[in-house]
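Asks: just need the structure, nothing else, for what follows:
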Amino acid sequence: MGDELQLFTNRYQRFRPDQGAPVRTTVGAPRFQLPYELAGFARLLAPSYAMLKMAEGPYRHIYLERLEAAGVDLISEQLAEIADVAGTHRLVLLCFCDLAVPPPGNWCHRRMFAAWWEEQTGREVPELAERREPPAPTLFD
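Replies: Residues are numbered from 1 along each chain as shown. As a prediction, the model looks like this:
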């Protein structure tokens, strides 16, 4: 494909086909029925089953080590293969995390990948799921 990849992130439940080609980045596939077909599985972006029970700090450390070990070139190659099969350069990297949940649950590997990718390549990976804004401070705060 001659077009440069455009990467986005979202939740399985918030994805819409007009956003691009949906790509699984989770170690397990969704157990619920999706109203769309996945374009592929970005295995290099998926955490391991063991990581799913970790706190954010250790998880982040291991996940970033895994991304570094794979490297931008190999990850790009895997994503380009998915894009070629899907017939589009717009890939939406999906997982289960609801980033609208207030902290401490407001972290996810898809956003860890997005930050790492931007740092490595200079290319932004926008989040497409709606995020709730924190309430505006009042005079009494």
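Asks: hey, let's count contacts and neighbours off CA atoms from now on
Replies: Will do.
Asks: now the residue nearest in space to the middle of the chain, what's its secondary structure?
Replies: Closest to where the C-alpha atoms of the chain average out (Cα atoms, centre = their mean) is residue 110, at 2.8 Å. Under DSSP: H, G, I helix; E, B strand; the rest coil, the three-state class of residue 110 is helix.
Asks: from residue 65, how far out is residue 27?
Replies: 17 Å (Cα to Cα, to the nearest Å).
Asks: comparing these two, which residue is more hemmed in?
Replies: residue 27 (18 against 12; other Cα atoms under 10 Å).
Asks: in this structure, where's the longest helix?
Replies: helix 56-86 (DSSP state H).
Asks: please point out which parts of that helix sit buried.
Replies: By neighbour count on 16 or more other Cα atoms under 10 Å, the buried set for helix 56-86 is 56, 59-60, 63-64, 67, 75, 78-80, 82-83, 86.
Asks: what's the closest of these to residue 44?
Replies: residue 75 (6.5 Å; Cα to Cα).
Asks: distance of the closest one relative to residue 55?
Replies: 25 Å.
Asks: from the buried residues of helix 56-86, which shows the smallest pLDDT?
Replies: Within the buried residues of helix 56-86, residue 56 has the lowest pLDDT, namely 91.
Asks: show me what contacts that residue?
Replies: residue 107 (Cα atoms under 8 Å, 6 or more residues apart in numbering).
Asks: thought the residue nearest to the centre of the chain was touching residue 94?
Replies: Yes: Residue 110 lies in contact with residue 94 (Cα atoms under 8 Å); the separation is 7.3 Å.
Asks: the next helix or strand after the longest helix of the chain packs against which elements?
Replies: Once helix 56-86 ends, the next helix or strand along the chain (criterion: DSSP states H and E) is strand 90-95. Packing contacts for strand 90-95, counted by 3 or more Cα pairs under 8 Å, 6 or more residues apart in numbering; DSSP states H and E, involve strand 6-11, strand 21-24, helix 109-121.
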